[in-house]
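Asker: Sequence isn't available, so here's the structure alone:
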């Protein structure tokens, strides 16, 4: 029988989430990316116990869709039932185009309540710590959505509210509307942010810092481009586009330019005594707006390497300048 360690010290850091009293681990677990068809048989319980021992206490299901979400929630619910609930932060969500069920793709009151109640049932929980809404919904009045989130908070079904893929005026409008309706407001914003896609620096971070909202960044390794296997000589530049193009056809020139950037970043990481992936996580976390990074790694030993990146989060001015020269805030491969 697997068991987690009662006295845990995995070297994890914990950061206050904006101006709230909530603290998140610097590294959080994205459950969707580690799920396989035989997840239970491969030792899901042992895996969660192991990452918990590393200090990773935040488990996020917010980007898991459809039948996969149901399967994951049921299995995770079984595991969570054996773990100390008071030490865990569980997040799920609902929202626009997350799935095709009649009440699963919008931010209406009906949709949000159905999705949350279903998740609570599958997870065998009375509440989730964070409930996200995903993407603005053009067909539902913002007041209806935010009013429902306020109701969810007052009912105790969620402790905090998060926004996912809200930026610029969309973020500000949602934040302000919830604050005007109830006594609570948005605690956390979830957004893509990595060395190859820095758009959050211009369309979100200034708003979260000003409003005291925490930030959970997703895809900090740029869909694994910022990992050593992508730099192996056997991987051609042409194959990079299949990893990170977000529906955009990349030219041969852009792929060559990307590979050059990755190699330059890798050299800088080695000079820092880190792998490229470790530097990518450290760079992400050094930004004052970022509370935690969300990663999904199926092997515990790789998750341990990610935690080791927390030992060196400091960057010199010269290093930051070099990174800006390689991949400026205006650069985006996606």
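Answerer: Yes, it's here. Computed from a prediction, not measured in an experiment: that's the story for all the values here.

Asker: Can you pull the phi and psi angles for residue 162?
Answerer: phi -130, psi 150 (degrees, to the nearest 10).

Asker: and it, how many residues sit next to it?
Answerer: 27 (other C-beta atoms under 10 Å). All C-beta atoms are positioned from the backbone trio N, CA, C, and that covers glycine.

Asker: Which residue, other than its chain neighbours, is closest to residue 314?
Answerer: In this structure, residue 314 finds its nearest non-sequential neighbour in residue 286, 7.3 Å apart by C-beta to C-beta, 6 or more residues apart in numbering.

Asker: Now do the contacts for residue 80.
Answerer: 88, 90, 123-125 (C-beta atoms under 8 Å, 6 or more residues apart in numbering).

Asker: thinking again about what came up before, confirm for me that the residue nearest to residue 314 is in contact with residue 316.
Answerer: No: judged on C-beta atoms under 8 Å, residue 286 makes no contact with residue 316 at a distance of 11.0 Å.

Asker: of these two, who's got more company?
Answerer: residue 286 (14 against 9).

Asker: and the more buried one, what pLDDT?
Answerer: We have a pLDDT of 97 for residue 286.

Asker: What's the separation between it and residue 293?
Answerer: 11 Å (C-beta to C-beta, to the nearest Å).

Asker: ok, for residue 166, nearest residue in space, not its chain neighbours?
Answerer: Nearest one to residue 166, counting by C-beta to C-beta, 6+ apart, is residue 174 at 5.6 Å.

Asker: could you check the distance from that neighbour over to residue 60?
Answerer: 19 Å.

Asker: More neighbours: which of those two?
Answerer: When neighbours are counted by other C-beta under 10 Å, residue 174 and residue 60 differ, and residue 60 comes out ahead with 27 against 23.

Asker: Next up, the contacts around the more buried one.
Answerer: Here residue 60 is in contact with 28-31, 91-92, 216, 294 (criterion: C-beta under 8 Å, 6+ apart).

Asker: Swap in 10 Å and give it another go.
Answerer: 28-33, 89-93, 130, 132, 162, 164, 190, 216, 218, 292, 294, 296 (C-beta atoms under 10 Å, 6 or more residues apart in numbering).

Asker: Go ahead and build a PyMOL selection from the buried members of these.
Answerer: The PyMOL command for the buried members of the contacts of residue 60 (criterion: 16 or more other C-beta atoms under 10 Å) is given here:
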select buried, resi 28+29+30+31+32+33+89+90+91+92+93+130+132+162+164+190+216+218+292+294+296
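
Asker: where does residue 95 land on pLDDT?
Answerer: For residue 95, the predicted pLDDT is 84.

Asker: re the thing from before, Provide a list of residues in contact with the residue nearest to residue 314.
Answerer: Taking C-beta under 10 Å, 6+ apart as the criterion, residue 286 is in contact with 312-315, 319-320.

Asker: Number of residues surrounding residue 19?
Answerer: For residue 19, using other C-beta under 10 Å, the count is 12.

Asker: do the one 3 residues further on as well
Answerer: By the measure other C-beta under 10 Å, the count of residues near residue 22 is 19.

Asker: do the same with residue 14
Answerer: 15.

Asker: quick one, helices of this structure?
Answerer: 44-53, 66-80, 109-123, 142-155, 168-181, 200-203, 205-211, 237-240, 252-271, 276-286, 300-308, 317-326 (DSSP state H).

Asker: buried sites along the first one?
Answerer: Yep, that's helix 44-53 we're talking about. Under the neighbour-count criterion of 16+ other C-beta under 10 Å, helix 44-53 has 44-45, 47-53 buried.

Asker: TSV for these, including distance to residue 324?
Answerer: TSV is the format used below for these (distance: C-beta to C-beta, whole Å):
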residue	distance to residue 324
44	41
45	44
47	37
48	38
49	40
50	37
51	33
52	37
53	37
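
Asker: what's near enough to touch residue 130?
Answerer: Contacts of residue 130 (C-beta under 10 Å, 6+ apart): 17, 22, 24, 58, 60, 62, 89-93, 158-162, 187-188, 190, 214, 216.

Asker: run the last query once more with 8 Å
Answerer: Counting by C-beta under 8 Å, 6+ apart, the residues that residue 130 touches are 89-92, 158-162, 187-188.

Asker: Also residue 179?
Answerer: residue 185.

Asker: burial of residue 261, as a residue count?
Answerer: Around residue 261 there are 17 other residues, counting by other C-beta under 10 Å.

Asker: Equivalent analysis for residue 16, please.
Answerer: 12.
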